[in-house]
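1. The following comprises the amino acid sequence and a computationally predicted model.
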Amino acid sequence: MEATTIVLFGATGDLAKRKIYPALYNLFVDGKLPKAFSVVGLGRREWSDEKLQDNVGKSIAEFSRRKAVSEEEQGKLNEFLAAFRYCVLDVGNEEDYKKLLTLVENREEELGIPQNRLFYLSVGPEFFETIAFRIKSSGLGTTKGWKRLVIEKPFGHDLATARDLNEKLSAAFSEEEIFRIDHYLGKPVVQKLEMLQQANPVLQAFWTNRYIANVQITANETVGVEERAGYYDKSGALRDMFQNHMLQLLMMLAIHLPSDSTSEDVRAKKKGVMEALVPLQAETVASRIIRGQYKDGAIKGEPVVAYTAEPGIPADTRNDTFIAGKLEIDNYFWRGVPVYIRTGKRLKEKSTRIVIEFKEPLKQASQAAQAKESGIVPNLLVFELAPNEGITLQLNTREPGAGGVFKPMNVDLHTHRDNTAEAYENLIHDAFLGDSTFFAHWDEVELSWAWVEPILKAFENEQVPLRLYEAGSYGPKESDELLAEDGFHWWFDDIEGKNEGKTQEQATEGEETYAYHANH
Ligand SMILES: NC(=O)C1=CN([C@@H]2O[C@H](COP(=O)(O)OP(=O)(O)OC[C@H]3O[C@@H](n4cnc5c(N)ncnc54)[C@H](OP(=O)(O)O)[C@@H]3O)[C@@H](O)[C@H]2O)C=CC1
Ligand SMILES: O=C1O[C@H](COP(=O)(O)O)[C@@H](O)[C@H](O)[C@H]1O
């Protein structure tokens, strides 16, 4: 891996503290950073190099999956911290960039490394354009090595602003140099989706409308708006989660990849999925999309306030904290397979998963009824992203002497091993390598915004009712009805509450299956 200087805008901020420093440290310990690297942290705060190093050390102690406990580990940590320098910079101040350029060049000279520069924008989106412009105008972007831009979400507020931002970034960086982070693409199970398909012809063969009855993508959260009222009330679940993370999961799931696929192939296929996604019309939005907002309620026995009573949220806000939708992909593989997506805040449990429900082989009504009677459930392929990670295939089995009654049995295809790399580690490592497979290409971002545009308009024009749901529930009942109309239901919702407060693992302890609500 080539020697690199990371220029980190937003080095004093929350994301750097919670995600970026721990990720860099774990990569360093794993020997996955370049042998020679340097980090130049930036912010307006009057910090010194030592103050930054001290804060990075604290962030690792608090947030890293690896801690520096032993003397040897402490030595390694000190070696890591020695790579950090700090520079006070206000993004709008041209003079500050000159100072920064001098510092970066001096460091490159000191370490004897080429001018490979990775600019990481961990700042608010209002600064993205200015920074890209200043990187160019100050000469920071004129390197004898390579340059890359890693950029956090949100990428635009709608289609027009996203296009505008992209145009401005393109004046300073080419598409190949822009790495748009969508941290869901860094999640280990999501990265396995690609590999599983490529390496297993049997899965490829079943990945079609011939065998699949429906797909369900869920990202339920228990947290509310947290400290981000200002951002979230202008964003809502649609912009915050659906336009990016949820549609990225859909793309990753729906692509068909031959075993020798390249990064370009993956991106071309993802673009193809977005192009095949049946657009919603103003008249169809209300029948396909459920918009929700949480009322007060209780989560794991603790009372929580309504969204409108959260600090910093206007009492009359119509913002969406929940969204569910029914989508269709009109291509050879997926035509006729409904894809249901839901995500929301203040729901009963944290659960992020993709469920592929396979068709029932028994076609006749009498046989289907008989199958139900005897306990047969559909085959499911489940990708569990959170709170635990795992990939499971649910099959039916019958023990001798059990009165002919079937019961579900799980085949574990992958289980989480402790201390594996986290999303940010995977993504930052790829950015060092220049591998953009798991970053969002502009085409995908543009098509995603274009697809959600009618929903944004319909919300604005109040064409979709705002359904209030109790905090601690699974969202508005209309979200269940969306599936019920097609004869389906959301898998694994713990509606009877028998797994209240338990992790999925605890919930399934001693059971042969984790299909603990399969009979819903
Ligand atoms: N936090 C998170 O979990 C996530 C964050 N993101 C995204 O990451 C980005 C950063 O978020 P987060 O770290 O939470 O934000 P914070 O508000 O915690 O940090 C903002 C950073 O920007 C710096 N900054 C603000 N104004 C200026 C300025 N005029 N000139 C120079 N630096 C400035 C601040 O430094 P100083 O105050 O010293 O100037 C600080 O380091 C955002 O785009 C956010 O949407 C994405 C996913 C998750
Ligand atoms: O990007 C975001 O993601 C988090 C959820 O991420 P996860 O990895 O915990 O599933 C969400 O809480 C936040 O609102 C959103 O901005």
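-> It's in. On a predicted model such as this, the values are computed, not experimentally measured, just so you know. Numbers count the residues shown, from 1 in each chain. Ligands and ions are numbered 1, 2, ... in the order given.
2. From here on, just use CA atoms for contacts and neighbour counts.
-> Will do.
3. residues in contact with the host helix or strand of residue 97?
-> Secondary structure assignment for residue 97, by DSSP states H and E: helix 94-111. The contact list for helix 94-111, computed with Cα atoms under 8 Å, 6 or more residues apart in numbering, reads 5, 36, 38, 40, 87-90, 114-115, 134-135, 138-140.
4. Out of those, name the ones that lie in helices.
-> 134-135, 138 (DSSP state H).
5. quick one: which of the residues you listed is nearest to ligand 1?
-> The shortest gap between ligand 1 and any of these belongs to residue 134, at 12.0 Å (Cα to the nearest ligand atom).
6. ok, which residues in the stretch 1-150 of the chain are in contact with ligand 1?
-> By Cα under 6 Å from any ligand atom, the residues of the stretch 1-150 of the chain that approach ligand 1 are 10-16, 43-45, 89-91, 122-125.
7. Check what contacts whichever strand in the chain runs longest and list those residues.
-> The single longest strand within the chain, with elements called by DSSP state E, is strand 289-299. The contact list for strand 289-299 (Cα under 8 Å, 6+ apart) reads 222, 303-308, 318-326, 345-349, 455, 464-472, 475-476, 478-479.
8. among those residues, which are in helices?
-> Members of those lying in helices (criterion: DSSP H): 455, 478-479.
9. any chance of these in a markdown table, plus neighbour count and distance to residue 53?
-> Below are the ones in helices among the contacts of strand 289-299 laid out as a markdown table (neighbours: other Cα atoms under 10 Å; distance: Cα to Cα, whole Å):
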| residue | neighbour count | distance to residue 53 |
| --- | --- | --- |
| 455 | 23 | 45 |
| 478 | 16 | 51 |
| 479 | 26 | 48 |
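10. which of these come close to ligand 1?
-> Applying Cα under 6 Å from any ligand atom to those, none is adjacent to ligand 1.
11. Pick out whichever of these sits closest to ligand 1.
-> Using Cα to the nearest ligand atom, residue 455 comes nearest to ligand 1 of the ones in helices among the contacts of strand 289-299, at 21.8 Å.
12. pLDDT score assigned to that closest one?
-> According to the prediction, residue 455 has pLDDT 98.
13. Run a quick neighbour tally on the closest residue to it other than its chain neighbours.
-> Distance criterion Cα to Cα, 6 or more residues apart in numbering; nearest residue to residue 455, sequence neighbours excluded, is residue 285 at 6.3 Å. Neighbour count of residue 285, defined by other Cα atoms under 10 Å: 22.
14. Residue numbering should commence at 822 henceforth.
-> Done: numbering now begins at 822, and the last item shifts to residue 1106.
15. Quick check: which element contains residue 1106?
-> Secondary structure assigned from DSSP H and E places residue 1106 in helix 1103-1109.
16. which parts of this structure sit against ligand 1?
-> Checking the chain against ligand 1 by Cα under 6 Å from any ligand atom, the hits are 831-837, 864-866, 910-912, 943-946, 973-975.
17. distance of the closest residue to ligand 1 within the stretch 1022-1171 of the chain from residue 978?
-> Closest residue of the stretch 1022-1171 of the chain to ligand 1, Cα to the nearest ligand atom: residue 1052 (8.2 Å). Relative to residue 978, residue 1052 is positioned 11 Å away (Cα to Cα, to the nearest Å).
18. next one: residue 990
-> Noted for residue 990: a distance of 16 Å to residue 978, by Cα to Cα.
19. do residue 1145 as well
-> Distance, residue 1145 to residue 978, using Cα to Cα: 20 Å.
20. Looking at the two, which one has more neighbours?
-> residue 1145 (26 against 16).
21. Am I right that residue 1290 is in contact with residue 1300?
-> No: taking contacts as Cα atoms under 8 Å, residue 1290 lies outside contact range of residue 1300: 10.5 Å.
22. quick one on the thing from earlier: list the contacts of the residue nearest to residue 1276.
-> By Cα under 8 Å, 6+ apart, residue 1106 lies in contact with 1275-1276, 1279, 1285.
23. can you give me the strands for the stretch 1072-1221 of the chain?
-> For the stretch 1072-1221 of the chain, the strands defined by DSSP state E, counting those that start in this stretch cover 1110-1120, 1123-1125, 1143-1148, 1160-1165, 1172-1179, 1201-1207, 1211-1218.
24. which other residues reach the third one?
-> If I follow you right, that is strand 1143-1148. So strand 1143-1148 is in contact with 1057-1059, 1063, 1098-1099, 1109-1115, 1159-1166, 1296, 1300, 1303, going by Cα under 8 Å, 6+ apart.
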